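J.: Next comes the sequence, and after it the predicted model I'd like to discuss.
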Amino acid sequence: MTATTPTRHRDRPARPTSKLTFGGVLRSEVIKLRTLRSTWWCLAIMVVIIVGFGALFALSAGLFQAGEASTEQQQQIVAQSVSVGVVFGQLVASILGALVITGEFGTGMIRSTFATVPKRLPAVVAKLVVVALTLFVVSLVALVLTLLINSAILPSNDITVDFGDGALWRSVVGAAASIAFIGMIAFSLGAIIRNGAGAIAASVGLVFVLPIIVQIFTAFVDAAWVYTLAEIIPPNAAARLYDYVVSGQSAMALPSPDGALVLEPWSALLVLVGWVVVLFGLALALVKRRDV
Amino acid sequence: MIEARNLTKIYGDKRALDDATFTVRPGLVTGFLGPNGAGKSTTMRMIVGLDRPTSGSVTVNGKRFADHAAPLHEVGVLLDAKAVHTGRSAHDHLLAMGATHGIGKKRVDEVIALTGLESVAKKRVGGFSLGMGQRLGIAAALLGDPATVILDEPVNGLDPEGVVWVRTLARFLASEGRTVFLSSHLMSEMAQTADHLIVLGRGKVLADSPISDVISQASGDAVRVRSPHADHLVSLLQGPDVAVTAVEPGVVELRGITAERVGDLAASSGVVLHELTPLVRSLEDAYMTLTQDSVEYHAGGAARGSHVAPDTQTPQGATR
């Protein structure tokens, strides 16, 4: 390792002309994401889980004895077979979402980032956009791959896949979006908490533990508002995004007494956007204010 | 050009920086000295907006750092060598930083070559030695070819060759008309590198002047006297302003009195002198003198400062 003495032959350095742009910050965040091994590990695990669970479900779909089922009910099974691994995909997404931001705080990289983008918010917004788009695209590819694989497996269980079914595709795209949303919520928690272990614990708790707590709660307080609460917490709202409803019959077994809110995919989307706006908004306010 | 005006930072009940006002000018290497906890790093972090001042302001070339259209071309900063994700390679780290400003692979390779990191550029930073981490931090600071370079403890962990290289680099950057602001705890290093010094102690600016002035101001008057009648001479010279240190039998160092006055007194009272030497102090001594009242973390019990520090009392019986 030898250092060279600088030998530029000029008295006054010509001032560079390039500027800080949001496009540049986006490119920077893409480079950051793809140059960490943890990104590739998380994405690979997510794809394997989605495709693997999906194929397992398709292989065991004979249990449904779907031969006499209506076309719609068969399509519901198809949609379920594609999205059965999505909850675990959300889990990995929440870990990746929390890691990409807490990794910067934990290693001190955030100081390099904020000394380069001193307004801070463009860097954090760009990072969220890049992570969310990556999660959406990768999980969408995994889900479509699962659909293709399952379309080859399911006929052996008397289920035919109708690729022309718009509701099926909406469910597939909704499943990918649900993963991106959970990733964004975990990212926001990561920016608020800053500590990697803490943020991952909070995100995993949000995806896996919170629904259980709320469910237990509904057993004690049998009021409509409790079921409404259960409906709008992020993991349950996310599940509604890829719900395949057949004549009012949800693929999910969430109990909904009279007067409780039941989200449609589009209203679920609005609820999730609301969660991201609130949590990411809080994250941005803290990021702007805090010393790093 | 960095201008700090009444810059203050309070953490809890601790004043990390207390009403500091100073200017760091272009074309010079400005050294930033102070004991641990004096507020140097806090100041540097506030310049680039990582810490928010409790009050006061600091600008770079007339604007808040964040308000510049191209911050990376305005200020390059090495705050600590650990401001890098350990899982990423040096090359990718610089590429990601540069991408924000449209700085490409060509410039990244330039600064990698400039800092001698070619052989490790593709390795993950987590395995870097402290010295390599410092070089990467300096590479990052130079990435945007900035008008102002801020380096916090740049020679920390560098080998002797690296230390000389940083000195040469700092002088070169200043000679190009850039503003160079560096902190160091190695006074001898600073003496060879800096043109101007800003000394901090407990968050306050203790000195802000050319390096030669800092030394002469802090030196005050000090002389070394060798005499077979040192004891007698010392008794003649006793006064509230004069501090006496015995160096060895027959040799004393005096502070607060000029060589002329010692010579006159010795002649008028017939004391033979074998040596009378005005002492010019090193920067290190000057620095110790300036900051000795503001050192936050003393080594337990050990004598601090230099042998000519003004508060050094004559050890009993040492001037036999």
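T.: Structure received.
J.: Show the pLDDT at the residue nearest to residue B:144 when sequence neighbours are not counted.
T.: In space, and not counting its chain neighbours, residue B:144 is closest to residue B:72: 3.3 Å by Cβ to Cβ, 6 or more residues apart in numbering or on different chains. Every C-beta, even on glycine, is put in place using the N, C-alpha and C of the backbone. The predicted local distance difference test score for residue B:72 is 96.
J.: which SS class is residue B:72?
T.: Counting by DSSP: H, G, I helix; E, B strand; the rest coil, the backbone at residue B:72 sits in helix.
J.: quick one: the helices in chain A?
T.: All helices of chain A, identified by DSSP state H, fall at A:22-34, A:37-59, A:71-83, A:86-107, A:109-116, A:121-153, A:166-193, A:196-204, A:210-220, A:224-232, A:234-241, A:265-289.
J.: which of the residues in the first one are buried?
T.: Using 16 or more other Cβ atoms under 10 Å in any protein chain shown as the test for burial, helix A:22-34 gives A:24, A:25, A:26, A:27, A:28, A:29, A:30, A:31, A:32, A:33.
J.: possible to save these as CSV with distance to residue B:229 and pLDDT?
T.: CSV is the format used below for these (distance: Cβ to Cβ, whole Å; pLDDT from 0 to 100):
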residue, distance to residue B:229, pLDDT
A:24, 77, 97
A:25, 76, 98
A:26, 81, 98
A:27, 79, 98
A:28, 75, 98
A:29, 78, 98
A:30, 81, 98
A:31, 76, 98
A:32, 74, 98
A:33, 79, 98
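J.: Pick out whichever of those sits closest to residue B:151.
T.: Sorting the buried residues of helix A:22-34 by distance to residue B:151 puts residue A:28 at the head of the list, at 22.9 Å, by Cβ to Cβ.
J.: Excluding covalently adjacent residues, which one is nearest to the closest one?
T.: Nearest residue to residue A:28 in three dimensions, chain neighbours excluded: residue B:99, at 3.9 Å (Cβ to Cβ, 6+ apart).
J.: Over to residue A:192?
T.: Among residues not flanking residue A:192 along the chain, residue A:283 sits closest, at 5.0 Å (Cβ to Cβ, 6+ apart).
J.: need the contact list for that neighbour.
T.: Taking Cβ atoms under 8 Å, 6 or more residues apart in numbering or on different chains, we find residue A:283 in contact with A:124, A:187, A:188, A:189, A:191, A:192.
J.: a markdown table for the buried residues of helix A:22-34, including distance to residue B:42?
T.: What follows is the buried residues of helix A:22-34, written out as a markdown table (distance: Cβ to Cβ, whole Å):
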| residue | distance to residue B:42 |
| --- | --- |
| A:24 | 29 |
| A:25 | 27 |
| A:26 | 32 |
| A:27 | 32 |
| A:28 | 27 |
| A:29 | 29 |
| A:30 | 33 |
| A:31 | 31 |
| A:32 | 27 |
| A:33 | 32 |
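J.: confidence score at residue B:239?
T.: The pLDDT attached to residue B:239 in the predicted structure is 78.
J.: Run through the residues that contact it.
T.: Shown in contact with residue B:239 (Cβ under 8 Å, 6+ apart): B:256, B:257.
J.: Sticking with it, tell me its helix or strand.
T.: Counting by DSSP states H and E, there is no helix or strand that carries residue B:239.
J.: Can you give me the distance of it to chain A?
T.: Residue B:239 sits 50 Å away from chain A when distances are taken as Cβ to the nearest Cβ, to the nearest Å.
J.: show me what contacts the spatially closest residue to residue A:127 that is not a sequence neighbour?
T.: Excluding its sequence neighbours, the residue lying closest to residue A:127 (Cβ to Cβ, 6+ apart) is residue A:29, at 4.8 Å. If a contact means Cβ under 8 Å, 6+ apart, then residue A:29 has A:123, A:126, A:127, A:129, A:130, B:96 as its contacts.
J.: where does the stretch 151-300 of chain B have low pLDDT?
T.: Scanning the stretch 151-300 of chain B for pLDDT under 70 picks out the ranges B:218-220, B:281, B:294-300.
J.: List the buried residues for stretch A:158-169?
T.: Neighbour-count burial for stretch A:158-169, with 16+ other Cβ under 10 Å as criterion, is recorded at A:159, A:161, A:165, A:167, A:168.
J.: Counting neighbours, what do you get for the residue of the stretch 151-292 of chain A found nearest chain B?
T.: Nearest to chain B, among the residues of the stretch 151-292 of chain A, is residue A:291, at 4.4 Å (Cβ to the nearest Cβ). Residues near residue A:291, counting by other Cβ atoms under 10 Å in any protein chain shown, number 12.
J.: Can you name the residues that contact it?
T.: By Cβ under 8 Å, 6+ apart, the residues touching residue A:291 are B:45, B:50, B:51, B:52.
J.: Restricted to buried residues, select these in PyMOL.
T.: In PyMOL, this line selects whichever of those come out buried by 16+ other Cβ under 10 Å:
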select buried, chain B and resi 45+50+51
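J.: Out of the contacts of residue A:291, which are close to chain A?
T.: Counting by Cβ under 8 Å from any Cβ of the partner chain, the subset of those that neighbours chain A consists of B:45, B:50, B:51, B:52.
J.: how about the helices in the stretch 51-200 of chain B?
T.: With DSSP state H, counting those that start in this stretch applied, the stretch 51-200 of chain B shows helices at B:71-74, B:90-99, B:105-114, B:130-142, B:160-175, B:187-193, listed in chain order.
J.: can I get the ones you listed in a markdown table with distance to residue B:60?
T.: Rendered in a markdown table, the data for these read as follows (distance: least, Cβ to Cβ, whole Å):
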| stretch | distance to residue B:60 |
| --- | --- |
| helix B:71-74 | 6 |
| helix B:90-99 | 18 |
| helix B:105-114 | 21 |
| helix B:130-142 | 14 |
| helix B:160-175 | 15 |
| helix B:187-193 | 21 |
